[in-house]
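S.K.: I'll drop the sequence and a predicted model, then ask my questions.
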Amino acid sequence: MNTISRIKRICDANGISGFEDEVLLAIREEASSLGTFTEDSMRNLYLAYAGNKGNRPVIQLDAHTDEVGFMVKCIREDGMLEFIPIGGWVTSNIPAHRVRVQNSDGLYIPGLIGSKPPHYMSESERKAAPEVSSMIIDIGSFSHEETINKYKIRVASPVVPEASCVYNEENGLLMGKAFDCRLGCTSIIDTLEALQGERLNVDLVAGFASQEEVGCRGSIITARTIDPDVAICFEGVPADDTFLPSYQRQTAVGKGPMLRHIDSKTIINPRFQRFALDIARHCDIPVQEAVRTGGSTNASQIHLAHRGIPTIVIGVPVRYAHTHWGISSLIDVQNAVKLGVEIIKALDAKTIAGF
C-alpha cells in the first residue's frame, strides 16, 4: 500500500473525540491483512498481529484516532450554530475557517465559522482575544426550524475542520488536518507491514485509542486490555521550528522523529529511551531528543497502568498542530516507521526485563 494514499485516507476521515467511526473503518480496511481486529465500547480498536505466537512479551503499539474539533452547543433562532471546542484550541485560530457538521443522517454539512466583523467592533473588542462564545457556525440556514428540518443538525452534532491532505513531491511535505495523531495510526500500519516475514521474539498488539484529545481516555482502557510488557506510542507532535531560535529547536520538520524525555505528565523510562536512541544511532536513523515542559500523550496513561509499563514516544513533527491545517514531512513519517521496526526486531524478554 502506498504510504501517501494511506495518509490521505486516514487523515481526511472525520473523527473528533468520541465520533471516530470513519477513522476506524479506514484503519480496518487499510490493515485488513495484518491480523485480527476487536473493539470495545469506547470504540478503541485493537489489532492482534498475525505473526503472534503467544507466551512471549507483548508490545503495545499505540496511536489515537481522534482529532480536535467542535461540537454544536445550541441552535439560534436565526439558524446559526453555537458551539464548544473539543480538544485544545487557541481561539484566535478558529474564526474564518470552513468546517463539516455531521447531521442526523450521518452526512457532513459544510459550514463556516463566523464572528463579528471588525466594522462593528469597539476598540476594546478589537484588541481582546476572541472568545468561542462570540463565534457561530454558519451553514446557510436562516432559521432554527430550517437548521433542524432541512439540514437535520442537532444539538451535540460533531464538527470537524474542513481540510484535505495534499502532498508536495518537490519538498516532500504533507499538508492537511488531523496529523495529530493520524500519522501515528498510519505509522503503526506501515510498521506492521514492514515486519511481515521477520522472525520476532515478541508479540504485537496495536491499540488505536479513542478520545486522546480530551484527556487520553481511551488509552486508560487499551493499556488495561492489552496488558503489555512495553509500549511504543506513535504520535503527531507539535513542531517548534517556526518560532524558536535554532539552538532551542528539538522538534523540527524534516529532521527526524522526536523522542521526548519528559513532558507535563510523563518521565519516559530512561533505559527504554536509551535503548531506542542507541538503535537509531546504530541504524543511522535521524532522531531528535526533546525536553518538554507542556503537553502530554497516551504515554501518560499507559506508563502508569498495572505495575508500570516502560513506554517511549516516537513523534512525527507537525507544524501548526491543533489548527485546521498542519504541515509534516514524509521522510519523518518514514523514519518513525524505520525506528519502530528496528526497535521491535531488537526486543526480547531479557532486554525488556532490563527496562
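M.R.: Received, thanks. Residues are numbered from 1 along each chain as shown.

S.K.: run through the bridge partners of residue 111.
M.R.: Bridge pairing for residue 111 (DSSP bridges) gives the partners residue 99.

S.K.: could you measure from it over to residue 92?
M.R.: 19 Å (Cβ to Cβ, to the nearest Å). (C-beta placed from N, C-alpha, C; glycine too.)

S.K.: between these two, which is the more surrounded one?
M.R.: residue 111 (26 against 8; other Cβ atoms under 10 Å).

S.K.: wait, doesn't the more buried one sit right on residue 102?
M.R.: No - using Cβ atoms under 8 Å, residue 111 is not in contact with residue 102, being 10.8 Å away.

S.K.: mutual contacts of those two, please.
M.R.: By Cβ atoms under 8 Å, 6 or more residues apart in numbering, residue 111 and residue 102 have these common neighbours: residue 159.

S.K.: what segments of the stretch 201-350 of the chain are helices?
M.R.: With helices called from DSSP state H, counting those that start in this stretch, the stretch 201-350 of the chain shows them at 217-226, 270-282, 299-302, 330-346, 349-353.

S.K.: which of these is buried the deepest?
M.R.: helix 299-302 (a mean of 26; mean count of other Cβ atoms under 10 Å).

S.K.: and for that one, what's in contact with it?
M.R.: For helix 299-302, using Cβ under 8 Å, 6+ apart, the contacting residues are 60, 62, 216, 219-220, 222-223, 228, 231, 233, 263, 265-266, 268, 309, 311-313.

S.K.: 7 Å instead, please
M.R.: The contact list for helix 299-302 (Cβ atoms under 7 Å, 6 or more residues apart in numbering) reads 60, 62, 216, 219-220, 223, 231, 233, 265-266, 309, 311, 313.

S.K.: need the max-distance pair from those.
M.R.: Longest distance between any two of those is 17.7 Å, between 60 and 265; criterion Cβ to Cβ.

S.K.: more neighbours, these two?
M.R.: Ranked by neighbour count (other Cβ under 10 Å), residue 60 and residue 265 place residue 60 first, with 27 against 15.

S.K.: give me the element the residue sitting nearest the centre point of the chain is part of.
M.R.: Nearest to the geometric centre of the chain sits residue 181, at 1.4 Å (Cα atoms, centre = their mean). Assigned by DSSP states H and E, residue 181 belongs to helix 179-194.

S.K.: helices and strands around that helix, which ones?
M.R.: Here helix 179-194 touches helix 3-12, strand 58-64, strand 203-209, strand 230-238, strand 311-318, strand 326-329, helix 330-346, going by 3 or more Cβ pairs under 7 Å, 6 or more residues apart in numbering; DSSP states H and E.

S.K.: and the angle from it to helix 3-12?
M.R.: 140 degrees (axes from the mean of the first three to the mean of the last three Cα atoms, to 10 degrees).

S.K.: residue 28 reaches residue 36, doesn't it?
M.R.: No - counting by Cβ atoms under 7 Å, residue 28 does not reach residue 36; the two are 11.0 Å apart.

S.K.: the more surrounded of these two?
M.R.: residue 28 (14 against 11).

S.K.: helix or strand for the residue lying closest to that one once chain neighbours are set aside, which one?
M.R.: Leaving aside its sequence neighbours, residue 28 sits nearest to residue 37 (Cβ to Cβ, 6 or more residues apart in numbering; 5.8 Å). Using DSSP H and E, residue 37 falls within strand 35-39.

S.K.: following that strand, which helix or strand comes up?
M.R.: As assigned by DSSP H and E, the chain's next helix or strand after strand 35-39 is strand 45-49.

S.K.: which other helices and strands contact that following strand?
M.R.: Contact here means 3+ Cβ pairs under 7 Å, 6+ apart; on that basis strand 45-49 packs against strand 35-39, strand 203-209.

S.K.: so which of those strands comes closest to residue 14?
M.R.: strand 203-209 (15.6 Å).

S.K.: for that closest one, the distance to its chain's centre please.
M.R.: 15 Å (Cα atoms, centre = their mean, to the nearest Å).

S.K.: report the buried residues of it.
M.R.: Going by neighbour count (16 or more other Cβ atoms under 10 Å), the buried part of strand 203-209 is 203, 204, 205, 206, 207, 208, 209.

S.K.: domain ranges for the protein?
M.R.: 3-67+177-353, 69-161 (automatic domain parsing).

S.K.: of those domains, flag the one that's most buried.
M.R.: domain 3-67+177-353 (a mean of 20).

S.K.: quick check: end-to-end length of that domain?
M.R.: In terms of Cα to Cα, to the nearest Å, the two terminal residues of domain 3-67+177-353 are separated by 34 Å.

S.K.: about what we covered before: tell me which of the buried residues of strand 203-209 is nearest to residue 285?
M.R.: residue 204 (19.5 Å).

S.K.: the closest one - nearest residue in space that isn't next to it in sequence?
M.R.: Closest to residue 204 by Cβ to Cβ, 6+ apart is residue 49, at 3.9 Å.

S.K.: repeat that for residue 33.
M.R.: Leaving aside its sequence neighbours, residue 33 sits nearest to residue 50 (Cβ to Cβ, 6+ apart; 7.8 Å).

S.K.: then the helix or strand of the chain with the lowest mean pLDDT to CSV, C-alphas only?
M.R.: Every helix and strand of the chain was ranked by mean pLDDT, DSSP states H and E. The lowest is helix 123-127, at a mean of 87. C-alpha atoms of helix 123-127 as CSV (Å, rounded to 0.1, in the frame of the first residue of the first chain):
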residue,chain,number,x,y,z
GLU,A,123,-11.8,49.4,20.1
SER,A,124,-11.6,47.1,23.2
GLU,A,125,-13.2,44.2,21.3
ARG,A,126,-10.6,44.6,18.5
LYS,A,127,-7.7,44.4,21.0
